[in-house]
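K.L.:
For reference, the sequence and a predicted model appear below.
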Amino acid sequence: RAMRKFIVGNWKMNGTSADLAEIEAIAAMATSYAASVDSALCIPATLIDRATSRLLEYTLGGQDCHMQVSGAHTGCVSAEMLADAGAALTLVGHSERRAGQNETDADIRGKAQAAQNAGLKVIICVGETLEERDAGQALEIVLGQVQKSVPDEAGSDWLSIAYEPVWAIGTGRIPEDSDVAEMHWAIREQLVARFGPDGKNISILYGGSMNGDNAPMLLAIPNVDGGLIGGASLTATKFEPILAAA
Ligand code: PEP
């Protein structure tokens with residue numbers, strides 16, 4: 001399989017209008033790699049409209065969406081709203097939302113479906129905690145999350161999965177190559193068993209402390225089709241070596 005790598009930045013709750021220039025710098029940098037690698041940047045919802053009006057050529061995304069189209073959900077943002085603001089994709093099920101907002105696999109599945117209905121591409125995030133890995137449960141936990149969070153309508157034209165060990169996010173720690181390879185292979189097997197040949201084309205990204213130094217090694221692991229990058233996506237200077245490695 002020769003799949004184009006997909007490198008996605010996640011700004012989390014960082015960024016105001018003062019950072020629009022950095023988003024532009026990232027877009028310009030990423031566009032220079034567009035012949036060989038797909039990329040996108042998931043920014044705060046408040047910046048999407050202004051950023052897309054400056055950057056018609058670059059893919060911007062949200063970091064979450066509600067599962068309903070509209071209604072009495074104070075403070076929430078629907079997939080339609082993200083799309084209307086100019087987003088082309090969204091993350092759902094990031095571990096910071098699973099843990100911090102008590103999101104369940106069923107919630108994430110509903111959000112993924114809502115996002116697809118709104119015409120967005122979707123990245124569903126999964127990953128085990130350190131306690132779960134130490135207890136030898138990592139595969140079981142992650143495969144359970146994939147099974148329950150991924151909608152039956154999944155297709156490689158709109159869905160990617162991001163495997164992000166919770167203990168690797170923002171910590172500077174990364175798993176052994178062999179553990180990443182084992183997990184990505186197991187996710188691939190499950191996707192193919194459930195969705196047939198199209199399961200081979202669903203990108204499986206790795207996320208968790210990926211940076212310019214470790215990206216060449218991580219992106220060379222079989223079934224690692226790209227990366228989801230937090231801290232190292234905040235500036236064009238830090239993000240560029242990851243795109244160069246892809
Ligand atoms: C993330 O937020 O998805 C992530 C992987 O963060 P970091 O790269 O900072 O570990």
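P.N.:
Now that the structure is in, tell me what you want to look at. Residues are numbered from 1 along each chain as shown.

K.L.:
The closest residue to His73 other than its chain neighbours: neighbouring residues, count only.
P.N.:
Ranked by C-beta to C-beta, 6 or more residues apart in numbering and with sequence neighbours excluded, the top spatial neighbour of His73 is His66, at 5.6 Å. Just so you know, the C-beta spots here come from the backbone N, C-alpha and C atoms, and that holds for glycine as well. Counted with other C-beta atoms under 10 Å, the burial measure for His66 works out to 21 neighbours.

K.L.:
Run through the residues that contact His66.
P.N.:
For His66, the set of contacting residues under the criterion of C-beta atoms under 8 Å, 6 or more residues apart in numbering consists of 73, 76-79, 111, 114.

K.L.:
May I see the PyMOL selection of the buried members of those residues?
P.N.:
Remark: buried members of these, expressed as a PyMOL selection using 16 or more other C-beta atoms under 10 Å:
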select buried, resi 77+78+79+111+114
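
K.L.:
out of the contacts of His66, which are inside strands?
P.N.:
When DSSP state E defines the strands, the subset of those inside them is empty.

K.L.:
Which single one of the contacts of His66 is nearest to the ligand?
P.N.:
Within the set of the contacts of His66, Lys111 lies nearest the ligand; the separation is 16.3 Å, counting by C-beta to the nearest ligand atom.

K.L.:
and the closest one, what does it touch?
P.N.:
Applying C-beta under 8 Å, 6+ apart to Lys111 gives the contacts 64-67, 79, 92-93.

K.L.:
Looking at these, which are in helices?
P.N.:
Ala79 (DSSP state H).

K.L.:
The ligand: which of the contacts of Lys111 is nearest?
P.N.:
Using C-beta to the nearest ligand atom, the shortest approach to the ligand within these belongs to Gly93, at 10.9 Å.

K.L.:
right, and that closest one touches Gly127 too?
P.N.:
No - under the criterion of C-beta atoms under 8 Å, Gly93 makes no contact with Gly127, lying 9.4 Å away.

K.L.:
Now do the shared contacts for the two.
P.N.:
For the pair Gly93 and Gly127, residues contacting each of them under the criterion C-beta under 8 Å, 6+ apart are Gln145.

K.L.:
Number of residues surrounding the closest residue to the ligand within the chain?
P.N.:
Minimum separation of the chain from the ligand (C-beta to the nearest ligand atom) falls at Gly230, amounting to 2.3 Å. As a burial measure, Gly230 scores 21 neighbours (other C-beta under 10 Å).

K.L.:
Disregarding residues adjacent in the polypeptide, which is nearest to it?
P.N.:
Leaving out its chain neighbours, the residue that sits closest to Gly230 by C-beta to C-beta, 6+ apart is Asn10, at 5.0 Å.

K.L.:
follow-up on the earlier one: what is the nearest of the contacts of His66 to Leu218?
P.N.:
Within the contacts of His66, distances to Leu218 taken as C-beta to C-beta reach their minimum at Lys111, with 26.8 Å.

K.L.:
Retrieve the pLDDT associated with the nearest residue to Val180 once chain neighbours are set aside.
P.N.:
Sequence neighbours aside, Ile221 is the residue nearest to Val180 in space, at 5.2 Å (criterion: C-beta to C-beta, 6+ apart). Per-residue confidence (pLDDT) for Ile221: 98.

K.L.:
who's in contact with Ile221?
P.N.:
For Ile221, the contacting residues are 177, 180-181, 184, 206, taking C-beta under 8 Å, 6+ apart as the criterion.

K.L.:
List the ones among these that fall in strands.
P.N.:
Secondary-structure check on the contacts of Ile221 using DSSP E: residues within strands are Tyr206.

K.L.:
Among the contacts of Ile221, name the buried ones.
P.N.:
Applying 16+ other C-beta under 10 Å to the contacts of Ile221, the neighbour count classes 180, 184, 206 as buried.

K.L.:
Can I get those residues in JSON lines including pLDDT?
P.N.:
Putting those into JSON lines (pLDDT from 0 to 100) gives the following:
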{"residue": "Val180", "pLDDT": "98"}
{"residue": "His184", "pLDDT": "98"}
{"residue": "Tyr206", "pLDDT": "98"}
